[in-house]
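Q: Structure here, sequence nowhere to be found:
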């Protein structure tokens, strides 16, 4: 996505073209599209499954729909903890295979896991945990505390167009949920994009050293905490922290729209109050 040096930020089209050049269409699917969709699906499922559970836990059985802004923010942040714990190792394996242009690991996730854990310990699987946790928590906090507002906004637009509020289960109600989820998801990206850029740079640089044996620059040390964000801003300007914003806004806005429709199903499966 980006790098910590002074290189120009590549566009999404340029990155896809370069990835296809290196790995071919099969590699684009097996190392890019399929793992990305799979990991994103697992990530959203864990988050949206634990969110209603977390909210009832911190609010003495109150549903998120009846909760306050602060309880929704806290529940959203709590729900990202199991999400990150489970998904981060999968993201690291995917990124390592994407960086493996020489096919050192033969497109094998198990070989990547074995190499990283045997040589550097299991803690390596949580490389960049702090930045990833901030990325997930910031998006989730913003999304869950604003999605109800944006959904109500969508209902008011439907009422303005049709002359009547949308009935539950109607096309207008579904449209309101999709619009509300999309807008909340896009707003979340406004807060989490810098953390995602920092996570990408940190993990890429460290995996090149840990997985592929590249020498670290003289006097250089692994960045700690938010240091990577400050380094990117210093070297390339603050705009570099917003690399890939349009793509992420469409991606997370779309998933936010879908999950706003599906969230009641998660609540039902958990035996919790309906949203």
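A: Nice, I can see it. Worth saying up front: this structure is predicted, and the values here are computed from it rather than measured. Residues are numbered from 1 along each chain as shown.
Q: Distance from the chain centre to the longest helix seen in the chain, please.
A: In the chain, assigned by DSSP state H, the helix with the most residues is helix 171-210. Computed by CA atoms, centre = their mean, to the nearest Å, the chain-centroid distance of helix 171-210 equals 5 Å.
Q: So for it, mean pLDDT?
A: Within the predicted structure, the mean pLDDT of helix 171-210 is 95.
Q: Start at 25, not 1
A: I'll keep to 25 as the first residue from here, and by that count the last item is helix 195-234.
Q: list the buried ones in that helix?
A: When burial is assessed from 16 or more other CB atoms under 10 Å, helix 195-234 yields the following buried residues: 196-197, 199-213, 215-231, 234. The way it works is simple: take the backbone N, C-alpha and C, and place the C-beta from them, glycine included.
Q: ok, now stretch 121-136?
A: For stretch 121-136, the buried set under the neighbour-count rule, 16+ other CB under 10 Å, comprises 121, 122, 123, 124, 128, 129, 135, 136.
Q: In contact with the most centrally placed residue in the chain, which residues?
A: Nearest to the mean C-alpha position of the chain, by CA atoms, centre = their mean, lies residue 160 at 5.7 Å. Each residue near residue 160 by CB atoms under 8 Å, 6 or more residues apart in numbering is listed here: 67, 71, 104, 107, 108, 216.
Q: Now do it, the pLDDT please.
A: As predicted, residue 160 sits at a pLDDT of 97.
Q: That one: helix or strand, and which one exactly?
A: Using DSSP states H and E, residue 160 sits within helix 153-186.
Q: How far off centre is that helix?
A: Between the centre of helix 153-186 and the centre of its chain there are 15 Å (CA atoms, centre = their mean).
Q: Low-confidence regions, the stretch 25-174 of the chain specifically.
A: In the predicted model of the stretch 25-174 of the chain, residues 25-59 satisfy pLDDT under 70.
Q: Where do the helices of it begin and end?
A: Under the criterion DSSP state H, counting those that start in this stretch, the stretch 25-174 of the chain carries helices at the ranges 36-51, 58-82, 93-123, 133-144, 153-186.
Q: Mind checking what helix or strand follows the longest helix of the chain in sequence?
A: Next helix or strand after helix 195-234 toward the C-terminus (DSSP H and E): helix 251-260.
Q: helices and strands around that following helix, which ones?
A: Contact analysis of helix 251-260 by 3 or more CB pairs under 8 Å, 6 or more residues apart in numbering; DSSP states H and E lists helix 195-234 as its packing neighbours.
Q: okay, now residue 187: neighbour count?
A: Neighbour count of residue 187, defined by other CB atoms under 10 Å: 7.
Q: Does residue 206 touch residue 276 like I think?
A: No. Shown here, residue 206 and residue 276 do not form a contact pair, counting by CB atoms under 8 Å, at 9.2 Å.
Q: what's the nearest residue to residue 234 if we skip its chain neighbours?
A: Spatially, and ignoring its direct neighbours in sequence, residue 234 is nearest to residue 144 (5.4 Å; CB to CB, 6 or more residues apart in numbering).
Q: what's the spacing between the one you found and residue 81?
A: Distance check for residue 144 against residue 81: by CB to CB, to the nearest Å, it reads 36 Å.
Q: neighbour-wise, which of these two wins?
A: Each of residue 144 and residue 81 has its neighbours counted (other CB under 10 Å); residue 144 has more, 15 against 12.
Q: The more buried one against residue 237, yeah?
A: No. Between residue 144 and residue 237 no contact is recorded; they are 11.6 Å apart, counting by CB under 8 Å.
Q: Quick check: phi and psi on residue 249?
A: Backbone torsions of residue 249, given as degrees, to the nearest 10, read phi 60, psi -130.
Q: For it, give me its contacts.
A: With CB under 8 Å, 6+ apart as the criterion, the residues that contact residue 249 are 154, 155.
Q: let's go with 10 Å and repeat that
A: Contacts of residue 249 were listed using CB atoms under 10 Å, 6 or more residues apart in numbering, and they are 154, 155, 158, 222.
Q: Over to residue 111?
A: Applying CB under 10 Å, 6+ apart, we find residue 111 in contact with 63, 64, 66, 67, 68, 70, 71, 104, 156, 160.
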